[in-house]
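[1] Just the structure for this:
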Amino acid sequence: MSNYFEILCGVAALLIAVYYYATSTFDFWKNRGVVGPRPLPYIGNIKEILFARKSLADYTREIYIAYKNEPMVGLYSRRSPVLLLRDPKLIKNVLITDFPNFTGRGTIINEKVEPLSANLFFLEEERWRPLRNHLSPMFSSGKLREMFHLIVECSQYLEKYLEENVGRTGIIECQALAAKYTTDVIGSCAFGIERSALENENSEFHKISREVFAVNLRNFLQQKLKEFVPMLYNLLALLPPQNFVLAFMKLVSETMKYRRENNIARPDFMKLLMDLQKNPDKLQNIEFTDTMLTAQLGIFFAAGFVAPSMAISNALYELALNQDVQDKLREEIEEFCGKNNGELKFDDIKKMKYLDKVFKEPSFSRTRKTETSSTWRGKDAYPLEIRKDALTHV
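    Numbers count the residues shown, from 1 in each chain. Presented below is the predicted three-dimensional model:
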């Protein structure tokens, strides 16, 4: 009997130790007078995110609204304290005044598991700061001006593509169209690949663009292991990278090799990175390998085709619902193009005030009705809304 009692005491002591370890940090925000929801042992406040019941964005929004009278909210990601700022002054301090103290992303980087993770979005401060100092000027208005004719060429081909396909099918899915167009723009401006997505849906570049944000079991497990079981995440280095990663790395490698062998120079993002690679002293002796160069192109590609394609498809949707807005926008564009024999100029874009309003106005809303339509838009639809008075008076 005494042996059973000792075993029971041992199990109880172990459970108490585990519980203490799982909750030992949960007084962190309380001791500092910061309010927040009650955390669960080991899981903290991320249960809904852990089990994929809510996205991080939706959960953050709920917390932001629930604590509307607080300047900040104390949360826990497992055992780690996390602070959600609501006060604009505090946010400004973090992003500007005290930014040198907040350069870390708080994410794990294992380049053997994810070769494209060593990009500007995830890098630690030692590599991030010198790289950012040299990449930021690449997105200046001057650099955009140099690439503008590449964007115009893609737009001209888009116009031709629409004329051919609308006449044949009568229906065009605008979201897919916008994704193809932005993929071509990124392909041209960053890689020197011309019109692969619109011209050929089965092109390697278009396949990569479809798989970047694809939802599959490996992506899901990889992300969850990174967040919650880093040791198991690191073991994924034993597996080969995903197919789209290998395809992307091969594409960049072959493009760089072809340019070097044929002495080709285009005013695009790849050339800027290749020039930077030739001058390692500018990066404070950071080893700017081909893989790291590819990672910068990868984040540029991922960010460059998704957000613009959503903005374009949202704008097209609202313009279809608001014919008067569409007509007024077309008149403005034709007016400026008419001044230059039908050509679109870089400087004219900034002068098109109504075009600027149209792109800034559409915003996501969970309301099922809009001023332009009282009908339901589908069970899972998040309709958009253009307020005509705002377009007129903003």
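[2] What's the separation between the residue nearest to the spatial centre of the chain and Phe121?
    Centroid check for the chain by CA atoms, centre = their mean gives Ala303 as the closest residue, at 4.5 Å. As judged by CB to CB, to the nearest Å, Ala303 and Phe121 stand 8 Å apart. No exception for glycine: its C-beta is placed from N, CA and C like everyone else's.
[3] next one: Met256
    Taking CB to CB, one finds Met256 at 22 Å from Phe121.
[4] neighbour-wise, which of the two wins?
    Met256 (20 against 15; other CB atoms under 10 Å).
[5] The closest residue to the more buried one other than its chain neighbours - how many residues pack around it?
    Computed as CB to CB, 6 or more residues apart in numbering, the closest residue to Met256 that is not its neighbour in sequence is Met274, at 6.4 Å. Number of residues near Met274 (other CB under 10 Å) recorded here: 17.
[6] isn't Met274 right up against Lys257?
    No. With contact defined as CB atoms under 8 Å, Met274 does not reach Lys257; the gap is 11.0 Å.
[7] In contact with the residue nearest to Met256, which residues are there?
    Met274 makes contacts with Met256, Arg259, Arg260, Leu293, as judged by CB atoms under 8 Å, 6 or more residues apart in numbering.
[8] Buried subset of the residues you listed, written for ChimeraX?
    To isolate the buried members of the contacts of Met274 in ChimeraX, using 16 or more other CB atoms under 10 Å:
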select :256,259,293
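[9] so which strand or helix has Asp327?
    Using DSSP states H and E, Asp327 sits within helix 323-338.
[10] Oops, could you answer that again for Arg259 instead?
    Arg259 is located in helix 243-262, with elements delineated by DSSP H and E.
[11] Asn69 too?
    Per DSSP H and E, there is no helix or strand for Asn69.
[12] how near is it to Leu84?
    Taken as CB to CB, the span from Asn69 to Leu84 is 14 Å.
[13] Of those two, give the one with the bigger neighbour count.
    Neighbours per residue (other CB under 10 Å) separate Asn69 from Leu84, with Leu84 holding more: 16 against 7.
[14] Surely that one is within a helix?
    No. Under DSSP: H, G, I helix; E, B strand; the rest coil, Leu84 falls outside any helix and is assigned strand.
[15] Any buried residues in stretch 331-350, and which?
    Glu332, Phe336, Leu344, Asp348.
[16] brain fart, stretch 110-119
    Neighbour-count burial for stretch 110-119 [16+ other CB under 10 Å]: Asn110, Val113, Glu114, Pro115, Leu116, Ser117, Ala118, Asn119.
[17] name the helices or strands packed onto the helix or strand that contains the residue nearest to the centre of the chain?
    For Ala303, the element it lies in under DSSP H and E is helix 290-321. On a contact count with 3 or more CB pairs under 8 Å, 6 or more residues apart in numbering; DSSP states H and E, helix 290-321 meets helix 174-186, helix 204-211, helix 243-262, helix 269-277, helix 323-338, helix 353-360.
[18] tell me how far that helix is from the chain's mean position?
    In terms of CA atoms, centre = their mean, to the nearest Å, the centre of helix 290-321 is found 8 Å from the chain centre.
[19] Give me the angle between that helix and helix 353-360.
    Angle of helix 290-321 versus helix 353-360, following axes from the mean of the first three to the mean of the last three CA atoms, to 10 degrees, is 110 degrees.
[20] one step back: pick out the most distant pair among the buried residues of stretch 331-350.
    Glu332 and Leu344 (12.0 Å; CB to CB).
[21] what would the helices and strands packed on helix 290-321 look like in TSV with mean pLDDT and distance to Met310?
    Below are the helices and strands packed on helix 290-321 laid out as TSV (pLDDT from 0 to 100; distance: least, CB to CB, whole Å):
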stretch	mean pLDDT	distance to Met310
helix 174-186	85	8
helix 204-211	72	14
helix 243-262	86	20
helix 269-277	84	21
helix 323-338	92	19
helix 353-360	87	11
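[22] can you tell which of these is closest to Cys9?
    Cys9 lies closest, by CB to CB, to one member of these: helix 243-262, at 51.4 Å.
[23] now for the closest one, which elements pack on it?
    By 3+ CB pairs under 8 Å, 6+ apart, helix 243-262 packs against helix 204-211, helix 269-277, helix 290-321.
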